[in-house]
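Asks: pasting the sequence and the predicted model now:
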Amino acid sequence: MDVVALSGTVGAGKTTIAIELRRRLDEWGYRAVAVDVDGVARSAPPGPDDPFNEQLVVEHLRTMRRAWVEADTDVLLLPRVVESVDQRDSYSEALGSPVRVVKVDASAPTRRQRLLARHEPGPELEWHLARTDELAAILDRLHIEDFAVRNDDGRLDAVADEIVDRLGWTHLPGRSIL
């Protein structure tokens with residue numbers, strides 16, 4: 001199973017790109033799964049030493065691995081901020097596959113515009129607006145990604161094409177499942 005984490009700061013477009021990639025891979029005959037990793041993390045209260053619920057995420061990946069393998073999943077897409085090598089490696093260990101990290105990047109004004117459209121005014125919006133720049137700086141410093149793509153202009157097809165090309169995925173003739 002090919003595992004790709006789509007990382008990047010909040011508002012970069014990780015989940016939107018994962019959905020577009022899954023659609024494209026499905027059309028090409030891949031058995032692709034895009035996991036709502038943030039949804040998994042939000043499914044239970046985080047522990048005091050695990051504010052982003054990473055332990056729950058890793059356990060979910062470990063538990064679901066068998067189902068994905070039995071379903072002959074070709075590609076597993078994980079839209080999730082990957083803030084450390086340890087985090088990436090814990091995903092790899094849980095899934096029994098190496099995890100490649102693609103950093104989805106967008107300018108600060110683009111991220112802010114997306115966050116303003118996504119969240120109602122209040123503490124949650126304020127947290128995300130503050131976190132996007134802080135997290136962008138952290139990710140720029142760490143360079144965990146295998147490569148980065150820009151997602152500023154809203155052309156999901158172009159971003160997906162770049163990721164597909166750089167990861168070496170091609171159309172699988174005779175395996176279209178649509």
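Replies: Arrived safely, thanks for sending. Since the structure is predicted, the reported quantities are computational estimates derived from the model, not experimental observations.
Asks: avg pLDDT for stretch 125-136?
Replies: Along stretch 125-136, the predicted confidence averages to a pLDDT of 93.
Asks: please save the CA atoms from that stretch in PDB.
Replies: C-alpha atoms of stretch 125-136 as PDB (Å, rounded to 0.1, in the frame of the first residue of the first chain):
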ATOM      1  CA  LEU A 125     -11.400  31.100  14.200                       C
ATOM      2  CA  GLU A 126      -8.900  33.100  16.300                       C
ATOM      3  CA  TRP A 127      -7.000  30.000  17.200                       C
ATOM      4  CA  HIS A 128      -6.800  28.800  13.600                       C
ATOM      5  CA  LEU A 129      -5.700  32.300  12.400                       C
ATOM      6  CA  ALA A 130      -2.900  32.400  15.000                       C
ATOM      7  CA  ARG A 131      -1.900  28.800  14.400                       C
ATOM      8  CA  THR A 132      -1.600  28.900  10.600                       C
ATOM      9  CA  ASP A 133       1.400  31.200  10.600                       C
ATOM     10  CA  GLU A 134       3.000  29.500  13.700                       C
ATOM     11  CA  LEU A 135       2.600  26.100  12.100                       C
ATOM     12  CA  ALA A 136       3.900  27.300   8.700                       C
END
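Asks: now that stretch: buried residues?
Replies: Within stretch 125-136, the residues that qualify as buried are H128, L129, R131, T132, L135, A136, counting by 16 or more other CB atoms under 10 Å. Where C-beta positions appear, they are placed from N, C-alpha and C, glycine not excepted.
Asks: so the residue positioned nearest the centre of the chain versus V104, what's the distance?
Replies: Per CA atoms, centre = their mean, the C-alpha nearest to the average position across the chain is that of P79, at 1.5 Å. Taking CB to CB, to the nearest Å as the measure, P79 falls 8 Å from V104.
Asks: helices along the chain, start to end?
Replies: Listed in chain order, the helices found in the chain under DSSP state H are 14-27, 37-42, 54-70, 85-95, 108-118, 123-142, 156-167.
Asks: just checking, what packs against the shortest one?
Replies: The reference is to helix 37-42. Other elements packing on helix 37-42 under the criterion 3 or more CB pairs under 8 Å, 6 or more residues apart in numbering; DSSP states H and E are helix 54-70, strand 75-79.
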